[in-house]
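# Just to be clear, the model below is a prediction. Sequence and coordinates:
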Amino acid sequence: MQRTLIIFKPDCVQRRLVGSILQRFEAKGLRLVALKLIKVDRALGEKHYAEHKGKPFFEGLISFITASPVVVGVLEGNEAIAVVRTMLGATNGAAAAPGTIRGDYSISKQNNLVHGSDSPESAEREIALWFNPAELADYTIEGESWVSAGS
Ligand code: IDP
Ligand code: MG
């Protein structure tokens, strides 16, 4: 089992798409470990996107992510990191394949609705950045084997 961080970005909250997209992750078989709505301050936004500091789109990205609340969560499941990235599709919504989240709902490079961690190292760093250990719930879902057996 693997954990990954997801962020429903400000455009997703403003467009009232959080529920529809969360439903896709749940239906896939991913399990919620944590979920909260917060207003991101500049320091947190800059830490989260530290790898992009200095790029031409960085300032715009920080303005975007701090403009309105986000819903941030942790999902768990078999190969959760790759599964979420595949479901998100390409970064640029205009180029993302139909059937992916960005392909179905986004036509923008920046406003692409949802973030997903891109590697186990990123997931570990990002989960620790956004959540206290006490916010991550340990529990079992009855009938989990009907979803994950053989994985
Ligand atoms: P990812 O979210 O698919 O991993 P990254 O390249 O890590 O994409 O970029 C992080 C975020 O920065 C993107 O999700 C998007 O919101 C924004 N972004 C990336 N490239 C551009 C760009 O060229 N223009 C504007 N925003 C961008
Ligand atoms: Mg990235």
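Nice, thanks for sending it over. Ligands and ions are numbered 1, 2, ... in the order given.

# For the protein, what lies in contact range of ligand 1?
By the rule C-beta under 6 Å from any ligand atom, the part of the chain lying against ligand 1 is 52, 57, 61, 91, 109-110, 112, 115, 118. Heads up, the C-betas are built off the backbone N, CA and C, glycines and all.

# and those, which are buried?
Neighbour counting with 16 or more other C-beta atoms under 10 Å marks 61, 109-110, 112, 115 as buried within the residues of the chain next to ligand 1.

# Just these: which are in strands?
His115 (DSSP state E).

# okay if I get the buried ones among the residues of the chain next to ligand 1 as TSV plus pLDDT and distance to Arg85?
Formatted as TSV, those follow (pLDDT from 0 to 100; distance: C-beta to C-beta, whole Å):
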residue	pLDDT	distance to Arg85
Leu61	98	18
Lys109	98	17
Gln110	98	18
Asn112	98	12
His115	99	10
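
# Quick check: the two most widely separated of the buried ones among the residues of the chain next to ligand 1?
Lys109 and His115 (13.6 Å; C-beta to C-beta).

# so where do the strands sit in this structure?
Read by DSSP E, the chain holds these strands, from start to end of the chain: 2-8, 31-38, 70-77, 114-116.

# which one of the ones you listed lies closest to Arg24?
Relative to Arg24, the nearest member of the strands of the chain by C-beta to C-beta is strand 114-116, separated by 9.8 Å.

# and for the closest one, what are the contacting residues?
Where contact means C-beta atoms under 8 Å, 6 or more residues apart in numbering, the residues beyond strand 114-116 that reach it are 4-9, 12, 21, 81, 84-85, 87-88, 101-102.

# Looking at strand pairing, list the partners for Val71.
Using DSSP bridges, the beta-bridge partners of Val71 come out as Phe8, Leu37.
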